[in-house]
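Structural data only, the sequence is not supplied:
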């Protein structure tokens, strides 16, 4: 499954009706953003994130860790947690493994992620090892907090996932996975990848980890990926992915098609009466031309983002459908090769 | 009928699918904007505006005159037409009555407006009289150009409407209407109103004009109005209206409801679990709460504009439906009074 990113309880440019039409069974929402605005206590009071955003399908929330590391100011990491200042108003906050779990219980997401330590890459081995150790300690505390809450308040219908770290060191990745397995999570993520390292390394690390994780529990590679890479990850045992790429690229006039990327602002599309992707069945491709999309982007119209996002998300979800089909018919490796070829040959 | 405004061949924030779901039978597009970008020749080449924007229902195009007067730089009016500089790139253009008609024939709209002279208000009588005279001269030239084109190229399935001017002088309004009637337009607009004068004056001028215009031809009051005013205009014989208000206000977090305006950014709505309008049947009111809408606006999310616009347009179209019902049952005057009362009593 691929999860469109709905940072602030909305996938930018798509209504929940549109997401349902697109067949999105699960979306990702950002704990950091929702904690700061509108606040998890408000969302709890209003019945949780599902009720708040009127979304009946599944929601995965990240732990907030990644955003604390990438967006906030003056962050200070200790064994206790991460102290940071909000990027919105400079207010000071402390995010601990317990707090991250508590916020996500308040949000009532279907899948909650434990707080992990995200490090800059490429990382020296000792830094990666220290972060791995802290990530395991934090995972243990998060798991205990979550299970205590379950025994006190009953099962919240939430799954808590652990996150494997270890940078690009295969032995550290295996060590991290083994430590997390002891905590018996119902699902596991692979974090800290696709952050600049070569695609082959991402694949290799994913394969190292999935080899150790139980096949009957979901394995989630966080923050990936480009359309042509999705099948590669699945071929390494990955079940779940999320990425801002389809939505963010859409807002920047980059459209994904079965023939490669279409940078729709390009003058070559000015009179192009073809749909974005002649092979796509989405409601945008069935109705509008490239010439019209190009015009909307040139004019800075909000409708440009709506239509482009709709198509790009559909394109990603279609690839996932094709991957599932390829698995069924036993030719996933061929499909992965074909997918990569499209993007080399595409009109870019 | 009320026409949502689709300036650049899109109603900002709504897809054509959404417009159809809302029951919009006709929209307005701006000749000035489309002439400058993407250009009427491109749209002609791509099959006209209907094909270009994939919109099967009706389109009315204005003449471009109003935008030339309000948006462009260095405009210079002569009997020939209006010379102006584009607000986009400073390029120089000449808009004549013939050119405005030609552009709209290229766009292939269902209803085209003649070029009129728009003046600043309040206007001295002599200025209004001179503009009236020029508007009639231009209407004559536009009509001739249009009919010549029809006899040369066949009927383009387009109606050309004249525009009555005369500022707030009842006798000038009547004079303008009588002069235009000689040109035998299939429909007539009342222009240059709702530009700052009291609502009663707008109503009075509209009534003066509609009293002279044939009842069996559409009478269109341009650029109106507030929701509580729509029935007043219809009671004066107006059949068609357009206004940016529902769409523009939506983008600025002003929502129209059957209980008055809801300024959704207001803190009072932070925990409000009611729909925007409890009496509205639109897909936004059926699904989302005020608290969620408020959050989306606070977070600057594009989805805020989408949802708010959808509701506001539906609200306007619903009022038009209620007006038609009131006419059928013979209590339009009562309905107009009721509509005004809502907005005095509303939560603002």
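Sure, I can see it. The shown structure was predicted, so the numbers you read here are calculated from the model rather than taken from an experiment.

just the strands in the stretch 51-200 of chain A please.
A:58-61, A:73-77, A:82-85, A:92-95, A:111-113, A:159-164, A:187-190 (DSSP state E, counting those that start in this stretch).

Out of these, which is closest to chain B?
strand A:58-61 (14.2 Å; Cβ to the nearest Cβ). C-beta: built from backbone N, CA, C; applies to glycine.

The closest one packs against which elements?
If you count contacts as 3 or more Cβ pairs under 8 Å, 6 or more residues apart in numbering or on different chains; DSSP states H and E, strand A:58-61 packs onto strand A:26-29, helix A:49-53, helix A:97-107, strand A:111-113.

Which of the ones you listed has the highest mean neighbour count?
Across those, averaging neighbours per residue (mean count of other Cβ atoms under 10 Å in any protein chain shown) puts strand A:111-113 on top, at a mean of 27.

Give me the mean pLDDT for that strand.
Averaging pLDDT along strand A:111-113 gives 98.

Partner strands of the worst-scoring helix or strand of chain A on mean pLDDT and their direction?
When each helix and strand of chain A is scored by mean pLDDT, DSSP states H and E, strand A:73-77 comes last, with a mean of 84. Strand A:73-77 has its sheet partners listed here by DSSP bridges as strand A:82-85 (antiparallel).

about what we covered before: how about the helices and strands packed on strand A:58-61 in a markdown table, adding distance to residue A:195?
Output for the helices and strands packed on strand A:58-61, formatted as a markdown table (distance: least, Cβ to Cβ, whole Å):
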| stretch | distance to residue A:195 |
| --- | --- |
| strand A:26-29 | 17 |
| helix A:49-53 | 27 |
| helix A:97-107 | 20 |
| strand A:111-113 | 16 |
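
for those, which one sits closest to residue A:82?
Checking those against residue A:82 by Cβ to Cβ gives helix A:97-107 as the closest, at 9.4 Å.

quick revisit: could you check the least confident helix or strand of chain A and say which residues are buried?
Neighbour-count burial for strand A:73-77, counted by 16 or more other Cβ atoms under 10 Å in any protein chain shown, picks out residue A:77.

Tell me the residues on the stretch 51-200 of chain A that lie near chain B, please.
Contact residues (Cβ under 8 Å from any Cβ of the partner chain) of the stretch 51-200 of chain A with chain B: A:52-54.

so who does residue A:252 touch?
Listed by Cβ atoms under 8 Å, 6 or more residues apart in numbering or on different chains, the contact set of residue A:252 is empty.

for the residue of the stretch 51-200 of chain A found nearest chain B, what are its contacts?
Closest approach between the stretch 51-200 of chain A and chain B, counting by Cβ to the nearest Cβ: residue A:54, at 4.7 Å. Shown in contact with residue A:54 (Cβ under 8 Å, 6+ apart): A:16, B:287-289, B:292.

how about low-confidence regions in chain A?
A:344-348 (pLDDT under 70).

Spatially nearest residue to the residue located most distally from the centre of it, not counting backbone neighbours?
In chain A, counting by Cα atoms, centre = their mean, residue A:271 sits farthest out from the average C-alpha position, at 35.6 Å. Of all residues not flanking residue A:271 in the chain, residue A:291 sits nearest, at 5.7 Å (Cβ to Cβ, 6 or more residues apart in numbering or on different chains).

Report the spatially nearest residue to the residue of the stretch 51-200 of chain A closest to chain B, omitting neighbours in sequence.
residue B:287 (4.7 Å).

Would you confirm that the one you found contacts residue A:17?
Yes - assessed by Cβ atoms under 8 Å, residue B:287 is found in contact with residue A:17 at 7.2 Å.

Now the common contact residues for those two.
Common contacts of residue B:287 and residue A:17 (Cβ under 8 Å, 6+ apart): none found.

And the helix or strand where residue A:234 lies, what's buried?
In this assignment (DSSP states H and E), residue A:234 forms part of helix A:230-235. When neighbours are counted by 16+ other Cβ under 10 Å, the buried residues of helix A:230-235 are found to be A:230-235.

farthest pair in the residues you listed?
Applying Cβ to Cβ across the buried residues of helix A:230-235, the maximum distance is between A:230 and A:235, 9.7 Å.

which strands and helices sit next to the longest helix anywhere in chain A?
Using DSSP state H, we find that the single longest helix of chain A is helix A:125-153. For helix A:125-153, the elements it packs on are helix A:97-107, strand A:159-164, helix A:170-181, judged by 3+ Cβ pairs under 8 Å, 6+ apart.

and the ones you listed as JSON lines, adding distance to residue A:121?
Below are the helices and strands packed on helix A:125-153 laid out as JSON lines (distance: least, Cβ to Cβ, whole Å):
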{"stretch": "helix A:97-107", "distance to residue A:121": "22"}
{"stretch": "strand A:159-164", "distance to residue A:121": "15"}
{"stretch": "helix A:170-181", "distance to residue A:121": "13"}
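
So which of the ones you listed is nearest residue A:253?
Here helix A:97-107 is closest among these (Cβ to Cβ), at 32.5 Å.

The helix or strand containing residue A:295 - contacts with which helices or strands?
Following DSSP H and E, one finds residue A:295 within helix A:290-298. Secondary-structure packing of helix A:290-298 (3+ Cβ pairs under 8 Å, 6+ apart): helix A:302-328, helix B:48-53.
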